[in-house]
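In: pasting the structure only:
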């Protein structure tokens, strides 16, 4: 649950940048609000995603053949001191792609691993973020 003073109840209030982007409408700012697909599914992994009919509710990095590639998001939190009690990372089920013949369902895309770092940036460090821009 996102709770933060000054952030309209949200802990993450701005997407400052991302390592890569697949398509413009799949930008980092999409992760700032709870996913409509997750809420509709009522579970940890949505069975279908209504985002394909409108605005995506996820961030998608650019495709790569490198299994060891490292992708990242930089989010601005609502305050300089925040208590983060949980972070959710969910696989994306590409319901619009052809089914995987072995599994009989659309492919799912998820990270092999995830790590999280929290800290404070100086204005100079923040302005040096590649692709950094505020999306509110």
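Out: Arrived safely, thanks for sending. The structure displayed is predicted, hence computed values, not measured ones.

In: What segments of this protein are helices?
Out: 36-41, 123-127 (DSSP state H).

In: If you count neighbours, what's buried in the last one?
Out: The neighbour-count check on helix 123-127 (16 or more other C-beta atoms under 10 Å) flags nothing as buried. All C-beta atoms are positioned from the backbone trio N, CA, C, and that covers glycine.

In: Begin at 875 from now on, thanks
Out: I'll keep to 875 as the first residue from here, and by that count the last item is helix 997-1001.

In: gap between that helix and the chain center?
Out: Remark: helix 997-1001 is offset 22 Å from the chain centroid, using C-alpha atoms, centre = their mean, to the nearest Å.

In: Counting neighbours, what do you get for residue 964?
Out: Neighbour count for residue 964, taken as other C-beta atoms under 10 Å: 16.

In: Would you mind measuring from residue 902 to residue 994?
Out: 19 Å (C-beta to C-beta, to the nearest Å).
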